[in-house]
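J.: can you look at this prediction? I've put the sequence above it.
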Amino acid sequence: MSDLERLKILDEVLQAMYWMHAEGISSVPTADELSRFLGVPSGTLAPHLEGFADDGLLEREAGGYRLSAEGEQRGKRTFADEFAGLTGASHGECDENCWCHDSPEAAASCLEERSGHAHQH
């Protein structure tokens, strides 16, 4: 497997785990839960999860995996990059002048702060 393929898998895993945690779905998903979510066989995904844990991006916990601090930051950043065009304002939320449009990281922070409610400008 090439480094680029591994990086793509890593980005998908970190994005999925960041989203699952932020939405309250799971903070410690198992390989089976992640494989169903990502549409990848568990046997294919499990060795990658172990490698990402060995690299310090995930932490093994209670039969599943939790994002490490570094993994959470990377997942947040890649999630924001991936969905930057879809995180625009909805009725009652921020507008095009909001500070969250300054960068993908700001968009992710804004989304975290809003999590179910509009923020004040």
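T.: Structure received.

J.: ok, the closest residue to residue 82 other than its chain neighbours - contacts?
T.: Spatial nearest neighbour of residue 82, excluding adjacent residues (CB to CB, 6 or more residues apart in numbering): residue 15 at 6.1 Å. C-beta coordinates here come from the backbone N, C-alpha and C atoms, glycine included. If you count contacts by CB atoms under 8 Å, 6 or more residues apart in numbering, residue 15 has them with 75, 78, 79, 82.

J.: can I get the residues you listed in TSV with secondary structure and pLDDT?
T.: As requested, the contacts of residue 15 are exported to TSV (DSSP: H, G, I helix; E, B strand; the rest coil; pLDDT from 0 to 100):
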residue	secondary structure	pLDDT
75	helix	89
78	helix	85
79	helix	80
82	helix	74
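
J.: tell me which two of these sit farthest apart.
T.: The largest distance within these, taken as CB to CB, falls between 75 and 82 and amounts to 10.3 Å.

J.: more neighbours, those two?
T.: Neighbours of residue 75 and residue 82, each counted by other CB atoms under 10 Å, are more numerous for residue 75; the result is 27 against 15.

J.: against residue 81, how distant is the residue nearest to residue 82?
T.: 9 Å (CB to CB, to the nearest Å).

J.: packing partners of the host helix or strand of residue 59?
T.: Assigned by DSSP states H and E, residue 59 belongs to strand 58-61. Strand 58-61 sits against helix 42-54, strand 64-67, with contacts defined as 3 or more CB pairs under 8 Å, 6 or more residues apart in numbering; DSSP states H and E.

J.: show me the contact partners of that strand.
T.: Identification of contacts with strand 58-61 by CB under 8 Å, 6+ apart yields 13, 17, 28, 49, 52, 53, 65, 66, 67, 68, 71.

J.: one more time with 7 Å
T.: Residues from elsewhere that reach strand 58-61, judged by CB atoms under 7 Å, 6 or more residues apart in numbering: 28, 49, 52, 53, 65, 66, 67, 68, 71.
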